[in-house]
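Visitor: Provided below are the primary sequence and the corresponding predicted coordinates.
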Amino acid sequence: MRNAYHEQLDELHAELKEMGVLCEQAVSFAVKAASTGSALMGEKAKEADSRIDRKERDIEALCMKLLLKQQPVAGELRDISAALKMITDLERIGDQASDIAEIARFTQGNNGSAAADLDRMAANVTGMVNDSITAFIQRDLNLAREIIARDDAVDELFDQIKSELIVAIAADAARGEIWLDMLMVAKYLERIGDHATNVAEWAEYAITGKRSKNGKPQE
């Protein structure tokens, strides 16, 4: 019975890692679409979102199998409960990447320094997603707490981008709608950072039985 449990737990970990990679791809494709105006990148982001949705259902089914057939003890039950919470946040990341791809239809791909800043912000949040899943799988409490702290840097970058875009709107009112669209992209990335932080908090819960609160709204 225990061998079967650990085999299925390994499968759960592998599925979570794959879902994290899909989230990284979705965000990366979406931001490239917003930065360059590439319709192909936008379609790739939406395709990745669809795969994330399917992966959420697969992982949910696996968790139910673990709960119903393997009779997990207290610590194991925390792991499964945390995984179920984590995939909800990962699914929302996919949705928000798809939202960015939708906005990208209107950004026209000529966005100056904002594009580089958004690329940097996307790299930060996708790194947080992958590291959060690693913290859960490896039971690395220090890494989980480091990721929670890294959300402050994402918030600061969002504030910086917002300030730059406000200046851009004032200087070039004719492109105001495009700059506002880019601000929405930055806001979605800031929310993705929040979801990545939630994943890290669930990793912390799986390890310690307690979950930090970062003070941000839970979607």
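Guide: Now that the structure is in, tell me what you want to look at.

Visitor: which helices and strands does the host helix or strand of residue 196 pack with?
Guide: For residue 196, the host element (DSSP states H and E) is helix 176-208. Identification of packing neighbours for helix 176-208 by 3 or more Cβ pairs under 8 Å, 6 or more residues apart in numbering; DSSP states H and E yields helix 2-36, helix 74-103, helix 113-138, helix 141-171. Placement of C-beta: from N, CA and C, glycine included.

Visitor: I'd like those as JSON lines, with mean neighbour count appended.
Guide: Output for the helices and strands packed on helix 176-208, formatted as JSON lines (neighbours: other Cβ atoms under 10 Å):
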{"stretch": "helix 2-36", "mean neighbour count": "20"}
{"stretch": "helix 74-103", "mean neighbour count": "21"}
{"stretch": "helix 113-138", "mean neighbour count": "20"}
{"stretch": "helix 141-171", "mean neighbour count": "16"}
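
Visitor: next, format these as TSV and append distance to residue 44 and mean pLDDT.
Guide: Listed next are the helices and strands packed on helix 176-208 as TSV, based on distance: least, Cβ to Cβ, whole Å; pLDDT from 0 to 100:
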stretch	distance to residue 44	mean pLDDT
helix 2-36	4	91
helix 74-103	8	93
helix 113-138	14	90
helix 141-171	23	92
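
Visitor: re the thing from before, the helix holding residue 196 vs helix 113-138, what angle?
Guide: Taking axes from the mean of the first three to the mean of the last three Cα atoms, to 10 degrees, one finds that helix 176-208 is oriented at 10 degrees with respect to helix 113-138.

Visitor: I'd like to check the angle between helix 176-208 and helix 74-103, please.
Guide: Going by the same axes, to 10 degrees, helix 176-208 makes 170 degrees with helix 74-103.

Visitor: so how far is helix 176-208 from its chain's centroid?
Guide: 6 Å (Cα atoms, centre = their mean, to the nearest Å).

Visitor: just the buried residues of it, please?
Guide: 178-179, 181-207 (16 or more other Cβ atoms under 10 Å).

Visitor: not counting sequence-adjacent ones, nearest residue to residue 77?
Guide: residue 67 (7.7 Å; Cβ to Cβ, 6 or more residues apart in numbering).
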